[in-house]
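[1] Need coordinates for the following:
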Amino acid sequence: MKSFFNFIFSKKFLFNLLGAIVLFFVLCYVTLCIIDRYTSHGISVQVPELKNMSVEDANALLSKNELQVEVIDSIFTLDKEPGIIMEQNPSPRSTIKKGRKVYVVINSKTKKKVAFPEIKDYSSRQAQTILEAMNLKVSSMEYVPSEFKNLVQYAKVNGEIIDTGDELTIGTNVVLVIGEGLSDEKIHLPSFRGLSLEQARTKCFENFINIGSVQFDVEPANQNDIKNYVVYRQKPITGSSVNLGKYIDVWLTKDKSKLTNEIEEVQITEDYDIENFF
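    Now for the predicted structure:
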C-alpha cells in the first residue's frame, strides 16, 4: 500500500499526469478550431431576397457570399414568368453561415394542361365560373340561334370547336357560343349520314343548327375512339323543315355496313329534291 502511494506522488507519475492533462486541452483546442473553421463559426452572411429572380441570377448573387441555390420543388402560377423563384428557405434577411444552400421553389417552366369540362346547356355564368376555376379564360361570347336561350351550345378555341375531354393549356382563351332562342328563319335539314361527330358539328355550325343528343350503338372505349364513329341516323330526318337553332339528335356507329344496309329516312318537299340534302 505504501509503495502505491509512493508511486502516485512520485515525480515521474505527476509529470506524466500533467503531460496528459496538457495534451488533452491541446487536443480539445485544436478540435474546436477545426470545427470552427469547418462550420465557419462567427462568419455569417445575410440571405438576400431571391423571389421573382431566375435561378441563374440568384446563383450569381449568392456566389458572392459562397452560398448556393438548390431547387427543391416547382409550382404553377399563371400570371408569373416560368422558371422564376416563388419561395425560398431561409427567408430573406436571415443570417446563415457561408457555404450553406438556400432552398427555393420555382414557377414551373412547363404549362400544365387540363381536360375541357362538360359545359353544354350550362348558363353562361356557370360555364364561365367552371372554366375560370380551371385557369381557362373566357375571352368572349358569341350568340347563335338555339331552342334554349342563354345556354352554352359549345365552345371554340382559335375558331375550332372544343369537345369535352380535349386537353387545353392553362391560360387558353375560350369563346363561349350561347343560344339566343329559335329563329323565325327555316332551313331544310341536310344529311349527316356518314359524317364523323366532328364533321356533323361543323355542318351544324355552318347551317346555324345544333347537335343535341348523341347516341352510340356501342359505347366508345375513350374520347379518341369517338373519331372512328360515323352518323347513320338523325332526327329530325333529312329534308325536314326546321327553325334555325334547332337541336338535331344523331346516332353513331363504327359498323360501316349500317350505311349500306339501312335506308336513310328522307323527307321530300315540293321545293327541294333529294340532291339538295347531301
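[2] Confirm Asp255 sits in a helix?
    No. Going by DSSP: H, G, I helix; E, B strand; the rest coil, the assignment for Asp255 is coil, not a helix.
[3] change the start of the numbering to 39 and stick with it
    Let's use 39 as the start, then, which means that last one is Asp293.
[4] With adjacent residues omitted, what lies nearest to it?
    The spatially closest residue to Asp293, leaving aside those adjacent along the chain, is Asp255, at 7.0 Å (C-beta to C-beta, 6 or more residues apart in numbering). Just so you know, the C-beta spots here come from the backbone N, C-alpha and C atoms, and that holds for glycine as well.
[5] again with Met91
    Of all residues not flanking Met91 in the chain, Ile123 sits nearest, at 5.4 Å (C-beta to C-beta, 6+ apart).
[6] Convert the C-alpha atoms of stretch 165-173 to CSV, please.
    Only the C-alpha atoms of stretch 165-173 are listed here, as CSV (Å, rounded to 0.1, in the frame of the first residue of the first chain):
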residue,chain,number,x,y,z
ALA,A,165,-69.7,27.9,-67.6
GLN,A,166,-67.5,30.9,-67.0
THR,A,167,-67.1,30.1,-63.3
ILE,A,168,-66.2,26.5,-64.1
LEU,A,169,-63.6,27.5,-66.7
GLU,A,170,-62.0,30.2,-64.6
ALA,A,171,-61.7,27.8,-61.7
MET,A,172,-59.6,25.6,-64.1
ASN,A,173,-57.5,28.6,-65.2
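[7] Residues in contact with that stretch: which ones?
    The set of residues external to stretch 165-173 that reach it, using C-beta atoms under 8 Å, 6 or more residues apart in numbering, is 116, 152, 155, 157, 160, 175-176, 190, 193, 208-209, 212, 214.
[8] now do 10 Å
    By C-beta atoms under 10 Å, 6 or more residues apart in numbering, the residues outside stretch 165-173 that reach it are 114-117, 149-150, 152-161, 174-176, 179, 189-190, 193, 206-210, 212, 214, 216.
[9] Would you list the buried entries among the residues you listed?
    With burial judged by 16 or more other C-beta atoms under 10 Å, the buried subset of those is 114, 154-155, 157-158, 160, 174, 176, 189-190, 193, 206, 210, 212, 214, 216.
[10] What is the most widely separated pair among the residues you listed?
    Phe114 and Leu189 (31.8 Å; C-beta to C-beta).
[11] returning to what we had before: among the buried ones among the contacts of stretch 165-173, name the ones in strands.
    Applying DSSP state E to the buried ones among the contacts of stretch 165-173, the entries found in strands are 176, 190, 193, 206, 212, 214, 216.
[12] tell me the average confidence for stretch 132-143?
    When pLDDT is averaged along stretch 132-143, the result is 88.
[13] Pull out the buried residues from it.
    Neighbour-count burial for stretch 132-143 flags 134, 138, 140, 142 (criterion: 16+ other C-beta under 10 Å).
[14] same thing with stretch 285-302?
    285-286, 288-291, 296, 302.
[15] Pretty sure Val190 sits against Thr202.
    No. Between Val190 and Thr202 there is no contact, the gap being 11.6 Å when judged by C-beta atoms under 10 Å.
[16] and for the two, which residues touch both?
    Between them, Val190 and Thr202 share these contacting residues under C-beta under 10 Å, 6+ apart: 156-158.
[17] Return the member of those nearest to Leu220.
    Lys158 (17.5 Å).
[18] pretty sure the closest one contacts Tyr192?
    Yes. Between Lys158 and Tyr192 a contact is recorded at 6.6 Å, counting by C-beta under 10 Å.
[19] shared neighbours, these two?
    The overlap between the contact sets of Lys158 and Tyr192 (C-beta under 10 Å, 6+ apart) consists of 201-202, 248-249.
[20] List just the nearest of these to Pro86.
    Comparing those against Pro86 with C-beta to C-beta places Thr202 closest, at 47.9 Å.
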